[in-house]
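Student: Make a model of this:
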Amino acid sequence: MTVVNIVFHHIIKELKGVASLKCSDKLLPINATVNEFVVKLIKNYSSRNPTQGTFRDDFNNYPFQKKVESYLTDGDFLEFTQASMKILERAIDMPTTTGGYVVFVHYTDKSTDYLITAMLDKAAQFTVDDENLDIEKLMTLDVDKLARANRLNIKRWQDNDILYLSFIKGTRAVSNYFIDFIGSTDITSSKDNFNKLREATNRYFIDKKINSLEKNKIKDKFKAYFDSCFEDKKDAELESISSLINDREPRAFLEFVKEKELEVSGKIAIHRKTDFDSFVRNRIYEPGYTLVFDESLKKTNKIMRQGNQIIINDVPDNFLNSIFDNEKPT
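Tutor: Down below sits the predicted model:
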C-alpha cells in the first residue's frame with residue numbers, strides 16, 4: 001500500500017446549529033505515522049462490511065464525482081478536497097447532524113488506485129505521565145468507530161464496472177447525509193449484489209467441502225431470512241448471512257470473504273423478491289427453452305431427475321392442453 005495524497009479538514013457543527021468549515025491549506029507529508037494511520041483506516045473500513053454501490057446519475061445535485069474527475073485530470077488534490085467540503089457543508093445542513101474531521105486519502109494497492117473519504121469524531125483516551133504517574137485525558141481521532149466513509153475504486157469506475165463504489169451504510173438516519181454528499185446509491189445493483197453474494201457462498205461451499213444436503217439446509221435458511229427482510233423492509237446483512245451458514249462459527253464466512261478479497265456488499269437492499277431469485281431458484285438454459293423452478297420442488301418430487309431427463313409431475317391438464325393442443329399423452 002502506498003499513500004499518494006492525504007489531507008484533513010474540519011466541519012464544525014453542533015446539533016441544530018449552522019455548519020462552518022475549517023479547511024487545511026496544505027497536504028500532509030507522507031511519513032511513517034501517516035502510513036500507519038492509513039493502514040488502520042483501511043483495516044477498520046473493511047471490517048465494517050461496506051455496501052457496494054454506484055454514483056447517482058444526477059451530476060447537478062450530486063457533484064462529488066465531477067470533482068473527482070477534475071482531480072484525476074489536473075492532479076490538484078487540495079483544491080478537490082476543499083471543493084468537496086463545500087458540498088458536504090450543504091449536505092450536512094439539517095438539525096440532527098453534528099460535525100467532525102474529514103480525511104481524504106488517495107492511495108494505491110496492488111497497482112489499483114483508491115480514494116477514501118471518511119468522517120471521524122474525537123474520543124477521550126487516557127494516558128499516564130511516566131515522570132509523575134499522573135493520569136491525563138487526551139482527545140484523539142476515533143478510527144475504531146468509523147461510521148461515515150466511502151471508498152472509490154478508480155480503475156473500476158473508469159472501466160465502467162458495476163461495483164466500483166462502496167460505503168458504510170450506518171444504521172442511524174443522520175448518517176444518510178454523508179451518503180448523499182458522496183452521491184452513493186445501492187438501489188441500482190440489488191440483483192448484482194445478490195449475484196455477487198451467491199458466487200461468494202458457492203466458492204465457500206466448495207472451499208469447505210460442504211455436501212449437497214447441508215447446502216440445501218443453508219439455502220432454506222437463506223430463503224426464510226430474505227423473505228423476512230423483504231416483509232420487514234430491512235436490508236439483508238452479511239453478518240446475519242454468515243451466521244446462517246455456520247452458527248457455531250458465525251464469522252467464518254465473513255473471514256473467507258475478506259481473505260479472498262471478494263466484493264460482497266455488507267448490506268443489500270431488497271426491493272422485490274426477484275432480487276434474490278438466484279438463491280432459491282434453479283435455471284436451465286437450452287436452445288429453444290428455459291426452465292426455471294424453485295429448489296423446494298425437488299424435495300417434494302414435483303421435479304425429478306432420471307439420467308439426463310427432467311420429469312415434472314402432476315402438471316394440470318389445462319396447461320398441457322393449451323401447449324400441446326389436444327394431443328393425447330403416449
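
Student: Bridge partners for the most centrally placed residue in the chain, pull those for me.
Tutor: Residue closest to the average C-alpha location in the chain (Cα atoms, centre = their mean): Thr51, at 1.4 Å. Beta-bridge partners for Thr51, by DSSP bridges, are Phe167.

Student: Surely it touches Leu165?
Tutor: No: Thr51 lies out of contact with Leu165 (Cβ atoms under 8 Å); the separation is 9.3 Å. Where C-beta positions appear, they are placed from N, C-alpha and C, glycine not excepted.

Student: lowest-pLDDT helix or strand in this structure?
Tutor: The helix or strand of the chain with the poorest confidence is helix 277-280; it has a mean of 72 (mean pLDDT, DSSP states H and E).

Student: Point out the other helices and strands that that helix packs with.
Tutor: helix 190-207, helix 212-232 (3 or more Cβ pairs under 8 Å, 6 or more residues apart in numbering; DSSP states H and E).

Student: List of residues touching that helix?
Tutor: Under the contact criterion Cβ atoms under 8 Å, 6 or more residues apart in numbering, helix 277-280 has outside partners 194-195, 198, 219, 222-223, 226, 294-296.

Student: likewise stretch 128-147?
Tutor: So stretch 128-147 is contacted by 37, 40-41, 44-45, 48, 101, 118-127, 168, 170, 172, 175 (Cβ under 8 Å, 6+ apart).

Student: quick one on the thing from earlier: let's have the helices and strands packed on helix 277-280 in a markdown table, adding mean neighbour count.
Tutor: A markdown table is the format used below for the helices and strands packed on helix 277-280 (neighbours: other Cβ atoms under 10 Å):
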| stretch | mean neighbour count |
| --- | --- |
| helix 190-207 | 18 |
| helix 212-232 | 14 |
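
Student: want to throw these into JSON lines with mean pLDDT?
Tutor: Shown next, in JSON lines, are those (pLDDT from 0 to 100):
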{"stretch": "helix 190-207", "mean pLDDT": "88"}
{"stretch": "helix 212-232", "mean pLDDT": "88"}
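
Student: Out of the ones you listed, flag the one nearest Thr33.
Tutor: Of all the helices and strands packed on helix 277-280, helix 190-207 sits nearest to Thr33, with 35.4 Å by Cβ to Cβ.

Student: any idea of the angle that closest one forms with helix 212-232?
Tutor: Counting by axes from the mean of the first three to the mean of the last three Cα atoms, to 10 degrees, helix 190-207 lies at 160 degrees to helix 212-232.

Student: list the helices and strands helix 190-207 packs on?
Tutor: Judged by 3+ Cβ pairs under 8 Å, 6+ apart, helix 190-207 is in contact with strand 51-55, helix 238-245, helix 252-259, strand 267-268, helix 277-280.

Student: what's the most distant pair in the contacts of helix 277-280?
Tutor: Distance extremes for the contacts of helix 277-280: the farthest pair is Asn195 and Ser296 at 20.7 Å, using Cβ to Cβ.

Student: Determine whether the claim that Ser46 is in a helix is correct.
Tutor: Yes: if the criterion is DSSP: H, G, I helix; E, B strand; the rest coil, then Ser46 is within a helix.

Student: Could you check how far it is from Arg151?
Tutor: 9 Å (Cβ to Cβ, to the nearest Å).

Student: before we move on, what about Asn282?
Tutor: From Asn282 to Arg151 the distance is 35 Å (Cβ to Cβ).

Student: Which one's more surrounded, these two?
Tutor: More neighbours sit around Arg151 than around the other of Asn282 and Arg151, counting by other Cβ atoms under 10 Å; the figures are 22 against 13.

Student: three-state assignment of the more buried one?
Tutor: Look at Arg151: counting by three-state DSSP, its state is strand.

Student: Pull up the gap between it and Lys196, please.
Tutor: Distance of Arg151 to Lys196, computed by Cβ to Cβ: 16 Å.

Student: and the helix or strand harbouring Lys86, what does it pack onto?
Tutor: Counting by DSSP states H and E, the element that carries Lys86 is helix 77-91. Using 3+ Cβ pairs under 8 Å, 6+ apart as the contact test, the elements touching helix 77-91 are strand 2-12, strand 20-23, helix 64-74, strand 100-109, helix 176-182.
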